[in-house]
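Chemist: Model the structure of this input:
(4 chains, ligands or ions: 4)
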Amino acid sequence: MQPAVEFRNISKAFGAVQANADVSFAIAKGSIHGVIGENGAGKSTLMSILYGYYNADSGQVLIDGQPQDIRTSHEAIALGIGMVHQHFMLVENMTVLDNVMLGNEGGFKLAAKRGAVEAKLREICDRYRLDVDPLATIHDLSVGAQQRVEILKQIYRSANILILDEPTAVLTAQETASLFEILRLFKEQGKTIILITHKLQEIMEITDEVTVMRAGRVVGAVKTAETSKEQLANMMVGRPIQSELPRAPYNPGAEVLKVSNLQLQDANGVSLLSDIDFTLRAGEVVAIAGVSGNGQSELLEILSGMRLPTSGKVEFVGKDLPYTGRTNADGLPAEFRELGIGHVPEDRLRDGVIKDFSVMQNTVFGYQDKVKNRWGLFDYRKIAQRCAHLMTAFDVRPNNPDLRIGLLSGGNQQKVVIAREVAAKPKLMLVGQPTRGVDIGTIESIHTQLLRLRDEGVAILLSSVELEEVRALADRIIVMSGGRITGILPIDEFDTTRIGLLMGGMHKH
Amino acid sequence: MEDFQLASIIVSTVRNAPVLMFAALAGLFAERSGVVDIGLEGKILASAFASAAVAYATQNPWYGILAGMAVSVALAMVQAFVSITQKGNQLVAGIAINIAMSGLTFVLAQFFFQQGGRTPDLRNARLFDVVLPGTAAVENIPVIGWLYGHLIGGQSVLVYVAFLLLPVVHWVVYHSRFGLRLRACGENPHAADAAGVSVERTRYLAMFVAGVLCSFSGAYLTLVQSGFFLRDMSAGAGYLALTALVFGNWRPLHTVLGCLMFGLFGAIQIQLEGVDLPVVGRLPGSLIQAIPYIVTVVVLAGLMAKSVAPKAIGKPFVKSR
Amino acid sequence: DMAGAKLAIVYDAGGKFDKSFNQSAAEGVARFTKETGVKVFEAQANYDTQAEQVLRALARKKLQLIVSIGFSQTQPVQKIAAEYPNVHFVIIDGNAQGKNVNSVLFKEEEGSYLVGVAAAMASKTKTISFVGGMDIPLIRAFACGYVQGARAINPKVQVLQNMVGTTAAAWNDPAKGGDLARAQFDRGSDVVFAVAGGSGMGTLQMAKEKGKLAIGVDSNQNYLYPGTMLTSMVKRVDNAAYEAFMKARNGQFTSGITYEGLKEGGVDWVLDKDNRMVVTPEMEKRVMSARADIISGKIKVVDYRAANSCPVQ
Amino acid sequence: MTKTELPRWATGFVLPILNLMSALLVAGLVIHLLGESPSESLRILIDSAILDPEGLGYTLFYASTFIFAGLAVSIAMQAGLFNIGAEGQMYVGGLGLTWVVLALDAHLPGILVIPLAMIGAAVFGALWAFIPGYLQAKRGSHVVVTTIMFNFIAASLMNFVIVKYLIPEGQQNPASRVFADSAALSLLNKVLPVFGDTPLNISFILAILALVIYGVVVWRSSWGYQLRATGLNAHAAHYAGVKISRTIIVTMLVSGALAGLGAVNSVMGSTHYLSLNFPAGAGFVGIAIALMGRQHPVGIFLSSVLFGALIQGGFDLSLEKPNIPQETFIFIQGLIILFCGAMENFYAPAILKLLNATRTNKGI
Ligand SMILES: Nc1ncnc2c1ncn2[C@@H]1O[C@H](COP(=O)(O)OP(=O)(O)OP(=O)(O)O)[C@@H](O)[C@H]1O
Ligand SMILES: Nc1ncnc2c1ncn2[C@@H]1O[C@H](COP(=O)(O)OP(=O)(O)OP(=O)(O)O)[C@@H](O)[C@H]1O
Ligand SMILES: [Mg+2]
Ligand SMILES: [Mg+2]
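Modeler: Numbers count the residues shown, from 1 in each chain, chains lettered A, B, ... in the order given. Ligands and ions are numbered 1, 2, ... in the order given. Predicted coordinates for the structure are as follows:
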């Protein structure tokens, strides 16, 4: 049988970066094909070429055995190709319905078709058990729901070849499970699916075949049934990955953080956080588990000074954090940083870095007042030296301080952020989703750094939707649901089902 | 007497607004597609000149309108080429066009007509006001006569076009395929692109529409309002239109209301000059001139919700991180 | 180029073809050149600094006489004249000091008085109006003379006044000029006096459209809309420029201030074939007698600029 | 391997030159249509704006004002604010300056009056920018719109103040009285007589100084860093502890102050009195300069000089060739902004091709 998709000698360069080099492989019709590789290996680029978003410098794409010159997404769509991008491609201020119709309106008058499309969407949602309201506006939807809209779009367009670029990075376990249900259904219908993910577990669970990429090239292709997680990891990173990281015995020190009765309401009086009480001690990692959107982000934002609580008290090394008497949080993060609170924000591109600054400039981001001399000026030589040092210590690739950080892969951007926050020697480190979209090699290195920090006596408050990550790092676990703490348990009591229940809102007894 | 002045204010408002309305709605298309159109001023001026020059040469205002349209569209396409194809800075492109047209219209007018950058009087080549049938019959009936003969009737064709444009634009923007694509390209061009919409094509089309609409603004200035072209006669109308657009949050109805507000305050200001007001007494004329602008600032600062621009506005669509 | 020229004229930002007093001056130059065959070098200065620059460049060429048009050149003329005492300067419409400077000032208030008389007599509603370009003393002087004339006919006559704007654009906004006139007509005015450069063109046109009367300014604008042009208040800048060059040619340059009023023929009203039909014999009689009284000194028209105020509103 | 990006010398030097040439080519076409010789016109232009020392003096004189205007727009742009109000801020700055001079020039020596007047200009300019800045920071009103409005309001206000309070009795010209000599800035021709009788004055030196300070502050200082961070990503800047509202307000104050200082050159350096509409569009030229000069000190300097040269050269050309009115140069300014500022990469693909071709020919 003809392969559904075949890449022949695809090469693509961005400036000096060779994103794809002579890539060739085929994807069987009606199969689920995994593509894995480190950050920056060129997976997304390759898929973008297939989808007509980028044009290859050389090489050929064949669809159903026919060479195709796909120059725009329009042409890809016409060939039955659909793509769910790593970053959602949705117009935020439009409804689901309009997003689905966009590019596929079926006539100049929208009204003529709107009703029919809406009915069809409801039917699809029923059939695939997708919980999406076609008339909801995108920016009101949770990340998981937005993901479902992307899928909905593809189903509606009856794409035959579906590309999913890290679809599970932002999903909960349940959401991932139901996504996989749908993918299996697709497969049954004879559709071809290409799945990019950093989670080897998922590869093992659902794919038929896997292609491994490194530095723009294909470095391996195996049948899933004939391989193992360890072997894949080895192929990806070029070395074995430690499954269990070494850590010193749990030996917490003095209390660093004491959160009492913290409340947060939004401008409309809707409660986002209620009755948050917990403590955190030096040398311990407390992980907040929970489905995203249950108040974790807001909690970290309050503790880092980016946002004011409505009421409540936070003691940091014995002193109250200065929330009271303020009308806004302007400049508060700087004060908190000064006190010794480091913060790795969960959305690095929105908060953590300035895309258009160089790596070097980003290594002083947030600490700009610390590196100036008495004239208020920067000593760039010193900053460069420090940056070079950090980049080596945290293995940031490529090791070029003058590169625009936007050009780095997500994992490497994350390493820069962590390096910067660690270098400031905080007493308390707030870490939001540290490994979202990050490859396993990098996850290992980030986890190692965080554990070393813990062992040095830093208190770490981590929020993560990955239970794997929580298990690997935490000493204690806080579960949040609906803006409340539904349970606090020590790591020895880690139990996926119980945590799942707590995450679902089952209150502590 | 009081009523009479109110009538005068209303008529002034209705007659002043079209210049801004055409331009603001033109800007709405451009900006909704993601292209900042600070070049409205230049397009108004250029089409005003072209309309006047051609209307004079042919003694036919309709040819004038066509010429204005051609020139305005040509400029819009230059802007589009720079902003979309060349991915250049859209503000620079717009400002360049404004400056270039301020110079070029003068030079050409001077070259062709030797009247100091002015075209000759159009006289009969102007667009005259439409007199509705039966105006004379109702003329003497109070209120109705005025309403029928001087507000609803007695306006130029272009005034009707301007007001009819509002529902049309509203429909196109919110209820047509083009409008959907337009809004998507201005909000998230990457999403539009991924959905198979050509961002470039949509933006070019939007700029084309902007060029056409903007030309009416220029034509209105010369063919309806003044009857000749004079250097720099757009006198900031393009910038005011842009303000109305921001004021109206890039929505057709609100934008048009913004234009009417400018027209209204202009009209009120005329009536205030030389009148003794309670409390403040007689305001000096030059300060009265500032009233519409002060009101705009106050309204923007106080009453209006924050206006939110289309997210992708001003950014060239580049497929890159 | 300026080779061999001994005489020069510098227009202000309005430019030689402004349909207003620069153009009028240019006509004077043309007449002078035609009659004498002597060339006059022409230049234009768009800002104050440029005025200095061009005056200095000309003065350095040891010209005999430089005529500057417009009050905006007042200070530059004064400054450059002091630097080049051997060159003669004439400033028209401005008052500059210097032993080698002749300032020509018009008594706009006298001409305006006459058209004010005509307007008040022509008005049936006893409401007349005034459209000015920018709120500056010169324009106020026109307005003030106009009101004085009108009130002399009927102390109860109401005079509506509007200015087009506060920037240079105020002289180039015919749409606004027309709109102001329309609002004034709506408020009862039936005669409007437009002193607003290019913007005034809109005013005159609106009067024609609405069938009201309008009064032109600076040059004779009656021909524009015969039938609705009541008259024009002319300001003979052309004569002033012509005479300045003529005197220079004859070696009769005199420094100090020259006032150009009705008596000197510097300002006047116009009665010609284009407005004959709207000017009644009685109107003509009254205007002519006021004219004679001003010339004889029997009527003293107050100049707004003397104390920056007007005795009547 | 083929190159996909141009080397620095090409983007920094070759492209701008090619773009400038293109603009001049179009301009030449128009001049030809006007019936004059483009090459001769260009010669006159260059002669009188650059080669002739006195002309150069005028060019740099105009450039001094433009540099301040360009800096005012640039610094706001660095913080993501589009300040269209430099014109109004300069105008009102002129009032601050004049106010100080009129009050003090009879009593104090120049050495005191001049710096105080400069402060007056800066303070008034800053105040005029404060309200738009404040409204942007606290109320979210678009600074683009409010500064446009404030230009109009400034025009009304200045008209009112000048006509009502500043015109000396009996004067026609709506302008303040002439300042005492003590308040006149020193002309550079005192030290450099080659500039001849030009108003080029120490403002030029100040402008250069301002450029340097601007460069240092924006790229070397912590404040500049926060400013740029705010402009690029306000979310992230907040995370980094930047006080966004304060940064916006302070930036607008600085921007307004710079625009206000633009008044010093023309009012205190040349005319020595405050007149109606004295900025004559310099504030708007500042926008063009900031955009064309990419908000970089060197770029701002070069584009300011270019615009100064066009004004000076265009003026001389219009004297020699009455067929080419000064307005032609407004058109040419627009063309240059278009080609150099917005289509800067127009020739890049062609040059890249050329480079790659020669590279392969050489067998590299
Ligand atoms: N538009 C672009 N401009 C410049 N460089 C780019 C661009 N897109 C990708 N790159 C670079 O190309 C390389 C491959 O990137 P790509 O996004 O394909 O990697 P990936 O395998 O999808 O990584 P990740 O797992 O982080 O998503 C990286 O080095 C990246 O920095
Ligand atoms: N990729 C595109 N981007 C923007 N506009 C487009 C694109 N393709 C087509 N159009 C415009 O859409 C209209 C219809 O063209 P066409 O039928 O090819 O589109 P389509 O995507 O098939 O739409 P539909 O199937 O909804 O009718 C035309 O006005 C065309 O200019
Ligand atoms: Mg990727
Ligand atoms: Mg179709």
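
Chemist: only C-alpha atoms for contact and neighbour calcs from this point on.
Modeler: Fine.

Chemist: Any chance you could list what contacts stretch C:173-186?
Modeler: Stretch C:173-186 is contacted from outside by B:4-5, B:8-9, B:12, B:221, B:225-226, B:230, B:233-235, B:267, B:270-271, C:129, C:131, C:160, C:162, C:164, C:192, C:196, C:198-207, C:210, C:212, using Cα atoms under 8 Å, 6 or more residues apart in numbering or on different chains.

Chemist: Narrow these to those that are buried.
Modeler: Neighbour-count burial (16 or more other Cα atoms under 10 Å in any protein chain shown) is assigned, among the contacts of stretch C:173-186, to B:5, B:8-9, B:12, B:221, B:225-226, B:230, B:233-235, B:267, B:270-271, C:129, C:131, C:160, C:162, C:164, C:192, C:196, C:198-207, C:212.

Chemist: Pick out the residue closest to the middle of chain D.
Modeler: Geometric centre of chain D, nearest residue: D:Phe66, 2.5 Å, by Cα atoms, centre = their mean.

Chemist: Could you double-check that that one sits in contact with D:Gly262?
Modeler: Yes: the criterion here is Cα atoms under 8 Å, and D:Phe66 meets it with D:Gly262 at 7.4 Å.

Chemist: just checking, next helix/strand downstream of the helix or strand harbouring D:Leu29?
Modeler: D:Leu29 belongs to helix D:15-33 when assigned by DSSP states H and E. For helix D:15-33, the succeeding helix or strand toward the C-terminus, using DSSP H and E, is helix D:38-46.

Chemist: Next, the buried residues of that following helix.
Modeler: If you call a residue buried by 16+ other Cα under 10 Å, then helix D:38-46 has these buried ones: D:Pro38, D:Ser41, D:Leu42, D:Ile44, D:Leu45, D:Ile46.

Chemist: hmm, it touching chain B?
Modeler: No: Helix D:38-46 does not reach chain B (Cα under 8 Å from any Cα of the partner chain); its nearest approach is 15.5 Å.

Chemist: Which elements pack onto that helix?
Modeler: Applying 3 or more Cα pairs under 8 Å, 6 or more residues apart in numbering or on different chains; DSSP states H and E, we find helix D:38-46 packed against helix D:15-33, helix D:297-320.

Chemist: ok, now with 10 Å
Modeler: When contacts are defined as 3 or more Cα pairs under 10 Å, 6 or more residues apart in numbering or on different chains; DSSP states H and E, helix D:38-46 packs onto helix D:15-33, helix D:53-78, helix D:297-320.

Chemist: contacting residues for residue 311?
Modeler: Assuming you mean chain A. Contact analysis of A:Ser311 by Cα atoms under 10 Å, 6 or more residues apart in numbering or on different chains lists A:Ser260, A:Asn261, A:Leu262, A:Gln263, A:Leu264, A:Gln265, A:Ser274, A:Asp275, A:Tyr323, A:Thr324.

Chemist: that's the wrong chain, I meant chain D
Modeler: Contact analysis of D:Ile311 by Cα under 10 Å, 6+ apart lists C:50, D:45, D:49, D:58-59, D:62-63, D:305, D:317, D:326-327, D:329-330, D:333.

Chemist: Using TSV, lay out those together with pLDDT.
Modeler: Shown next, in TSV, are the contacts of D:Ile311 (pLDDT from 0 to 100):
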residue	pLDDT
C:Gln50	85
D:Leu45	92
D:Ala49	93
D:Tyr58	94
D:Thr59	96
D:Tyr62	95
D:Ala63	97
D:Val305	97
D:Leu317	90
D:Gln326	86
D:Glu327	88
D:Phe329	89
D:Ile330	90
D:Gln333	88
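
Chemist: could the residues you listed be laid out in a markdown table, adding distance to ligand 1?
Modeler: Supplementary listing: these in a markdown table, determined by distance: Cα to the nearest ligand atom, whole Å:
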| residue | distance to ligand 1 |
| --- | --- |
| C:Gln50 | 51 |
| D:Leu45 | 44 |
| D:Ala49 | 44 |
| D:Tyr58 | 46 |
| D:Thr59 | 42 |
| D:Tyr62 | 42 |
| D:Ala63 | 39 |
| D:Val305 | 36 |
| D:Leu317 | 48 |
| D:Gln326 | 46 |
| D:Glu327 | 44 |
| D:Phe329 | 40 |
| D:Ile330 | 39 |
| D:Gln333 | 34 |
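
Chemist: Enumerate every residue touching D:Gly70.
Modeler: D:63-64, D:86, D:211, D:255, D:258-259, D:262, D:282-293, D:295-297, D:299-301, D:303-304.

Chemist: ok, 7 Å please
Modeler: Contact analysis of D:Gly70 by Cα atoms under 7 Å, 6 or more residues apart in numbering or on different chains lists D:Gly286, D:Ile287, D:Ile289, D:Ala290, D:Ile300.

Chemist: So the last one versus D:Ala282, what's the distance?
Modeler: What that stands for is D:Ile300. 14 Å (Cα to Cα, to the nearest Å).

Chemist: of the two, who's got more company?
Modeler: Taking neighbours as other Cα atoms under 10 Å in any protein chain shown, D:Ile300 and D:Ala282 compare with D:Ile300 leading, 28 against 25.

Chemist: between the helices and strands packed on helix D:38-46, which gets nearest to B:Thr255?
Modeler: Closest approach to B:Thr255 among those (Cα to Cα): helix D:53-78, 26.2 Å.

Chemist: Distance from the chain centre to the closest one, please.
Modeler: Distance of helix D:53-78 from the chain centroid (Cα atoms, centre = their mean, to the nearest Å) equals 4 Å.

Chemist: which element follows that helix toward the C-terminus?
Modeler: Next along from helix D:53-78, by DSSP H and E: helix D:86-104.

Chemist: next one: phi and psi at B:Gly34?
Modeler: Per-residue torsions, B:Gly34: phi 100, psi 10 (degrees, to the nearest 10).

Chemist: Also C:Gln158?
Modeler: According to degrees, to the nearest 10, C:Gln158 has phi -100, psi 140.

Chemist: Count the neighbours of residue 304 for me.
Modeler: Going with chain A. Count around A:Ser304 with other Cα under 10 Å applied: 25.

Chemist: The intended chain is chain D.
Modeler: Neighbour count for D:Ser304, taken as other Cα under 10 Å: 30.
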